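Asks: Compute the structure for the input listed below.
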Amino acid sequence: MDDSIRSFDKKITGNYYLFIKSIIMKIKQTIPILLTLIIFSTAAFSQTGEGEVTKYPVVIGESGITNITVSDNIDLLLINAGDDEVRTRIPSESLNKVRVFYAKGNLRVSTKGSLPRGERIPVYVYVNDLKTLTLLGNAFARSQDVLQVANLKVNIEDQGKIALKSTGKVKVSAPDDYRVVNEERYHLVLSKE
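Replies: Sure thing, here's the model as predicted:
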């Protein structure tokens with residue numbers, strides 16, 4: 001009888017051991033797969049850097065801002081930036097009224113929903129390598145100082161207005177009935193009032 005109990009014990013212990021061993025192997029195979037998925041998903045999100053920005057001021061990083069698109073009721077002030085201070089700033093009382101999207105050098109600023117008539121949202125953008133500026137709706141853009149940009153292309157749609165001074169050339173693409181005044185000294189570009 002002792003031998004039959006021992007063989008039964010060995011059989012149960014052996015089966016139990018194999019069962020535990022198979023569970024451990026499954027766990028060992030699952031953990032690396034899960035870790036790989038987590039690493040790839042976080043790497044993909046951090047590389048794209050796309051989406052709505054929810055923390056202010058928006059610090060841009062190495063890629064800088066090369067293209068800006070602003071829409072209705074946004075008053076954009078362009079400010080020369082040093083190499084390490086490219087960013088955007090929005091007054092705290094206006095944060096809940098503005099959407100800011102940034103991805104790979106492209107900055108897009110728009111309002112959340114419609115604003116009361118005549119309300120304007122100031123947005124300050126520090127730039128050092130701006131190439132394209134697009135104004136949609138009744139957006140307004142101006143420069144604080146003389147912008148240090150080589151070539152800037154400005155696209156104006158609808159009733160957008162600009163008042164820019166630049167050391168480089170400014171090419172304006174606007175509707176046919178739009179009057180643009182260019183001055184030579186600083187390439188001052190003013191739209192009609």
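
Asks: can we go C-alpha only for contacts and neighbour counts from here?
Replies: Will do.

Asks: correct me, but Ser173 touches Leu152?
Replies: No. Shown here, Ser173 and Leu152 do not form a contact pair, counting by C-alpha atoms under 8 Å, at 11.0 Å.

Asks: When the two are compared, which one has more neighbours?
Replies: For Ser173 versus Leu152, the count of surrounding residues by other C-alpha atoms under 10 Å is larger for Leu152: 20 against 14.

Asks: The more buried one touches Thr134, doesn't it?
Replies: No. Using C-alpha under 8 Å, Leu152 is not in contact with Thr134, being 10.6 Å away.

Asks: Contact partners for Val172?
Replies: Contacts for Val172 (C-alpha atoms under 8 Å, 6 or more residues apart in numbering) come out as 153-156, 180.

Asks: repeat that with 10 Å
Replies: Counting by C-alpha atoms under 10 Å, 6 or more residues apart in numbering, Val172 touches 133-134, 152-156, 162, 180, 182, 189, 191.

Asks: Just checking the distance from stretch 17-24 to the centre of its chain.
Replies: Here the centre of stretch 17-24 is set off from its chain's centre by 49 Å, with C-alpha atoms, centre = their mean, to the nearest Å.

Asks: what does the average pLDDT come to for it?
Replies: Averaging pLDDT along stretch 17-24 yields 77.

Asks: Kindly report the same for stretch 141-148.
Replies: Averaging pLDDT along stretch 141-148 gives 89.
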